[in-house]
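1. quick one, structure for this:
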Amino acid sequence: MDKIHIALSTTQIEESVKDYTQRLSCAPCIHVLNEFALWRTETINLSIRNDPGSQTGTLRHLGWESNRTQTFSSDTDVNGILWESFNAQLQAEEINKAWSTANYHPKSN
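-> Purely as a prediction, here's the structure:
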């Protein structure tokens, strides 16, 4: 199943984890303290990241998670928004590369 991916910037990771956990009615599947969190539900792939280069609460990028996707790709739309396309394993590899202690392995859903 394809899931929309929404990536947000925040400097308030811990507060955001509490808020989005309540809003999505589930805990993040990976949470790197004060750095990053990811929720994967049946319909959405939502990530938040501490990104000092961006204003808190802004969109980092959009995309699609699809089990049919075999390679990571990205392009920019007419409005300048970055769109990524990936599968769950490719995203896990990116997370583990960014945070070597994450040891994230996605579950199917």
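2. for burial, what's the neighbour tally of E93?
-> 14 (other C-beta atoms under 10 Å). Every residue, glycine included, has its C-beta placed from N, CA and C.
3. can you check I30 too?
-> Counted with other C-beta under 10 Å, residues neighbouring I30 total 21.
4. same deal with W39?
-> Using other C-beta under 10 Å, the number of residues around W39 comes to 22.
5. what's the answer for F36, then?
-> 21.
6. who's in contact with stretch 2-11?
-> Stretch 2-11 is contacted by residues 16, 40-52, 54-66, 68, 84, 86 when judged by C-beta atoms under 8 Å, 6 or more residues apart in numbering.
7. sitting in strands, which of those do you find?
-> Counting by DSSP state E, the part of these found in strands is 40, 44-50, 59-65, 84, 86.
8. just the helices in the protein please.
-> Ranges of helices in the chain, per DSSP state H, are 13-24, 88-98.
9. nearest to I30, of those helices?
-> With C-beta to C-beta, the closest approach to I30 among those belongs to helix 88-98: 6.3 Å.
10. quick one: mean pLDDT over stretch 8-26.
-> Averaged over stretch 8-26, pLDDT sits at 96.
11. chain center to it: distance?
-> Its chain's C-alpha centre and that of stretch 8-26 lie 12 Å apart, by C-alpha atoms, centre = their mean, to the nearest Å.
12. distance of the residue nearest the centre of the chain relative to V78?
-> With distances taken as C-alpha atoms, centre = their mean, S47 lies nearest the centre of the chain, 2.8 Å away. In this view, S47 and V78 are 24 Å apart by C-beta to C-beta, to the nearest Å.
13. now swap in E15 and tell me
-> 34 Å.
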